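*Asks:* Quick one, fold the following:
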Amino acid sequence: METDKTDTHDVDPDESEMLLNLNSSETNPWPYLQDHFEFKCKKGNSFIMRCKLCLPKMTELAAYKSSTSNLHKHVKSNIATVFHKHVLIFSLVSNNRKYSLKLKAFTDFVAGRKRAPEPPVIPTKQAKISDVMAVGANKLVPQAKIDKLMINFICEGLHPFSLVEQPAFRDLLLALNPQCKIISRPTLRNRIDGAANQLKKTLVSHLSKVTYVASYIGIDEETLERRSAALACQILKGSHTFDVLAGALDDIHCQYRIRGKVVRTTTDSGSNFIKAFSVFGEQSQTEEAESESDQDSSEDPQAVYVDTLSILEQDSGLEYQLPPHQRFACHLLNLVATTDAAMAEKNNDTYKRLSRAAFGKCQAMWNKSGRSYMAAEIVEDQCKLQLIHPNQTRWNSTYMAVERIIRIIQEKGEDAIRNVCEEFKAEIVFLTEYCTVMKPLVTALNILQSETNTHLGWLLPVVFQLEAKLSRLETTSKMCLPLIRAVQDGIEKRFGGMIKDPELIAAAILLPKFKTTWTERADIIEAGLVYVRQHLDQMAEAAVEQVGQHSSDEEDFFSSMKSRSSQGTGELDGYLACVSNKMDLLNSFPHIKNLSVKLNTGLPASAACERLFSSAGLLFTAKRARMNSANFENQLLLKLNRKLID
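*Replies:* Below you'll find the predicted structure:
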């Protein structure tokens, strides 16, 4: 019950300020309210508290035992009066900001927006983990969840199955939950096999809802976002010939029921892959049939020719159906940067002399800093950065190694490099220009190897922009002009056929980011637009035929004219006229969207598969050489497809 026991005489402002600053946290039963109430004394089971918000009026309240209801009622009933009184005092007290902040803090506290925690109960003795977990059977982790977490831990960390038999691992789990049971290695292997089988069923269910696939799940037709999942990583025994690869790919397509959904498969330029798709690929089979028909029409009809080589290489009764093949764009750019760029030294002696002198001294620095720790310390002391050593399997590493030298020169000056290698003079200028020329190539490679944001339609715009940037560098280059010409020739050699491919052109046009702005060549754009119009007309005709199944023969015969004029061309013109460059634009044009998803489901590069091989390399180590191939694939798929499992 609230009681006002003391008089309401005024208090000097200095005394009021002193009362506000009074710290009674040692005896105050509610220290979290010390900014609002001051503890005065204790009478029986009640605590006498003095309200600081009512100053200079001395208001005392009695709070019974551990209840603060009287304090809260006092503030709620008198908050308006208290506020008006403090407004008057604010004009007299210089430190009015302090009053207003405290008043606002308690107002928020009463309104429930700022609730102070109850004082914690300090235990007399620290509890043990076993005692805490043993309080009530409902607080123990179920055995099924322990087994699931254990499987996730083994697969996510690529740990060996024998981990469950190690004493330290068993002691860890038993310390956390003394009643849990540690599964054995055979049981763990069976559980992982069952989880992998369930994962494959989940993948089949997801893939059944997707219209187009390219090595991975593909593009979600609702959100237009790419979703990926690892389907298989099998060990092939024997020679990896073209028919073995074709059979393995076809088996995977049949296992996941995507044989007719895969629109394009991206691989490197290995001869076995190229031959597999040239023999069993859909697109290549059509081209071979056309070339054979042209050859037969030009030859003597009376002559009979027998190709003995084709008879020897005939399939043994097995027929594989592979999708069209797309060569790994990053691998092609890698060849441009290495093999084709090396032609600059053969075609120009001056460039050859500068290039070999510069890279020879760079190689000497890389070798010395890599073999001698004293040399590495000198480099770090002088340059404040370590040198990057090139890797023979990644061309990007050579560019990054040269770029690191140029960065050191720009940040620390030429003396930093000359202190490491005294003979560096004109080579610095050459290496700077070399990085300037090769930077567009590196940027193009990084763009194309993306997995989530890049579609097949990015390929040609990236190639055309790369050519344009190299052309602009011709006017400013002094030493690396032969390198620019060699790279341009390599791009024409590696990508010349793709630049004229109507399907790749149409894929770029049907991306709102590019449309028709990525090249100034009218013949290229027209070839892509013709391809788009033809396929839109086919979609429109199929829709009209499906709707007008019960129409007369005459109406059905001329139905394509109406569909072509009203839907195909009109939808394409409306799409090209829109200013928006976001993927959501495709939702306004259903036929354009369907064709765009089909053409852009493929990837210009197979960097995603390279990342899968990197994880597989961490799993298949020398210490696990006896691991079964099925266990290898199951553990890898469970790690890479963790999002689908969750």
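*Asks:* give the contact list for the residue nearest to Thr516 when sequence neighbours are not counted.
*Replies:* Distances taken as CB to CB, 6 or more residues apart in numbering place Ile525 nearest to Thr516, at 5.0 Å, with adjacent residues excluded. Quick note: C-beta positions are derived from backbone N, CA and C, even for glycine. Applying CB atoms under 8 Å, 6 or more residues apart in numbering to Ile525 gives the contacts Ile505, Ile509, Thr516, Thr519.
*Asks:* Surely the second one touches Thr517?
*Replies:* When you say that, I think you mean Ile509. No: counting by CB atoms under 8 Å, Ile509 does not reach Thr517; the two are 9.8 Å apart.
*Asks:* Which of those two has more residues huddled nearby?
*Replies:* Legend: neighbour count by other CB atoms under 10 Å for Ile509 and Thr517, higher for Ile509 (28 against 12).
*Asks:* Just to check, Tyr320 is in contact with Leu245?
*Replies:* No: between Tyr320 and Leu245 there is no contact under CB under 8 Å: 9.5 Å.
*Asks:* okay, Leu92: pLDDT?
*Replies:* You'll see Leu92 listed with a pLDDT of 33.
*Asks:* Next secondary structure element downstream of the host helix or strand of Phe613?
*Replies:* Secondary structure here is read from DSSP states H and E; on that basis Phe613 sits in helix 607-619. Of the helices and strands lying after helix 607-619 in sequence (DSSP H and E), the nearest is helix 629-640.
*Asks:* And the contacts of that following helix?
*Replies:* 151, 154-156, 158, 161, 189, 192-193, 195-196, 199-200, 229-230, 232-235, 612, 615-616, 619-620, 645.
*Asks:* Mind listing what's buried along it?
*Replies:* Applying a neighbour-count criterion of 16 or more other CB atoms under 10 Å, one finds Asn631, Phe632, Glu633, Asn634, Gln635, Leu636, Leu637, Leu638, Lys639, Leu640 buried in helix 629-640.
*Asks:* separation between the third one and Lys639?
*Replies:* Taking CB to CB, to the nearest Å as the measure, Glu633 falls 11 Å from Lys639.
*Asks:* again, but for Cys180
*Replies:* In terms of CB to CB, Cys180 sits 24 Å off from Lys639.
*Asks:* In contact with Pro390, which residues are there?
*Replies:* With CB under 8 Å, 6+ apart, Pro390 has these contacts: Trp366, Ser397, Thr398, Ala401.
*Asks:* cool, and Lys352?
*Replies:* Lys352 touches Ala344, Glu345, Lys346, counting by CB under 8 Å, 6+ apart.
*Asks:* Could you pull out the buried residues of stretch 356-370?
*Replies:* In stretch 356-370, counting by 16+ other CB under 10 Å, buried: Ala358, Phe359, Lys361, Cys362, Met365, Trp366, Lys368, Ser369.
*Asks:* The last one against Ala375, yeah?
*Replies:* This points to Ser369. Yes: between Ser369 and Ala375 there is a contact under CB under 8 Å: 4.9 Å.
*Asks:* show me where the stretch 451-600 of the chain has strands.
*Replies:* Counting by DSSP state E, counting those that start in this stretch, the stretch 451-600 of the chain has no strands to list.
*Asks:* Of the contacts of Lys352, which is the nearest to Tyr531?
*Replies:* Tyr531 has its nearest neighbour among the contacts of Lys352 in Ala344, at 36.5 Å by CB to CB.
*Asks:* Around the closest one, count how many other residues there are.
*Replies:* For Ala344, using other CB under 10 Å, the count is 20.
*Asks:* what's the pLDDT at it?
*Replies:* 93.
*Asks:* And the helix or strand where it lies, what does it pack against?
*Replies:* When elements are assigned from DSSP H and E, Ala344 belongs to helix 343-347. With contacts defined as 3 or more CB pairs under 8 Å, 6 or more residues apart in numbering; DSSP states H and E, helix 343-347 has these neighbours: helix 349-371, helix 481-499.
*Asks:* Determine how far stretch 572-586 lies from the middle of the whole chain.
*Replies:* 26 Å (CA atoms, centre = their mean, to the nearest Å).
*Asks:* Sort out which residues of that stretch are buried, please.
*Replies:* Leu572, Tyr575, Met583, Leu585, Leu586.
*Asks:* I'd say the second one and Leu585 touch.
*Replies:* It refers to Tyr575. Yes: assessed by CB under 8 Å, Tyr575 is found in contact with Leu585 at 7.4 Å.
*Asks:* check contacts around the residue nearest to Ile524 when sequence neighbours are not counted.
*Replies:* Using CB to CB, 6+ apart and skipping the chain neighbours, the partner closest in space to Ile524 is Ile505 (5.9 Å). Applying CB under 8 Å, 6+ apart, we find Ile505 in contact with Leu460, Ile524, Ile525, Ala527, Gly528, Tyr531.
*Asks:* how much space between Ile505 and Pro482?
*Replies:* From Ile505 to Pro482 the distance is 31 Å (CB to CB).
*Asks:* do the same with Glu282
*Replies:* In terms of CB to CB, Glu282 sits 42 Å off from Pro482.
*Asks:* Let me see the confidence value for the residue nearest the centre of the chain.
*Replies:* The chain has Thr452 as the residue nearest its centroid, 6.2 Å off, counting by CA atoms, centre = their mean. Per-residue confidence at Thr452 stands at 75 (pLDDT).
*Asks:* ok, it touching Leu224?
*Replies:* No: the pair Thr452 / Leu224 is not scored as a contact, 11.8 Å apart, by CB under 8 Å.
*Asks:* In helices, which of the contacts of Ile505 appear?
*Replies:* Per DSSP state H, helices hold the following members of those: Leu460, Ile524, Ile525, Ala527, Gly528, Tyr531.
*Asks:* which residues touch the first one?
*Replies:* So that's Leu460. Listed by CB under 8 Å, 6+ apart, the contact partners of Leu460 are Met498, Ile499, Leu504, Ile505, Ala507, Ala508, Trp518, Thr519.
*Asks:* go again using 10 Å as the cut-off
*Replies:* Residues counted as contacts of Leu460 (CB atoms under 10 Å, 6 or more residues apart in numbering) are 495, 498-501, 504-505, 507-509, 514, 518-519, 524, 528, 604.
*Asks:* Also the last one?
*Replies:* By CB under 10 Å, 6+ apart, the residues touching Tyr531 are Asp501, Pro502, Glu503, Leu504, Ile505, Ala506, Ala507, Ile509, Leu510, Leu595, Leu599.
*Asks:* Any regions of the stretch 201-350 of the chain where pLDDT drops low?
*Replies:* The stretch 201-350 of the chain contains residues with pLDDT under 70 at 215-222, 283-318.
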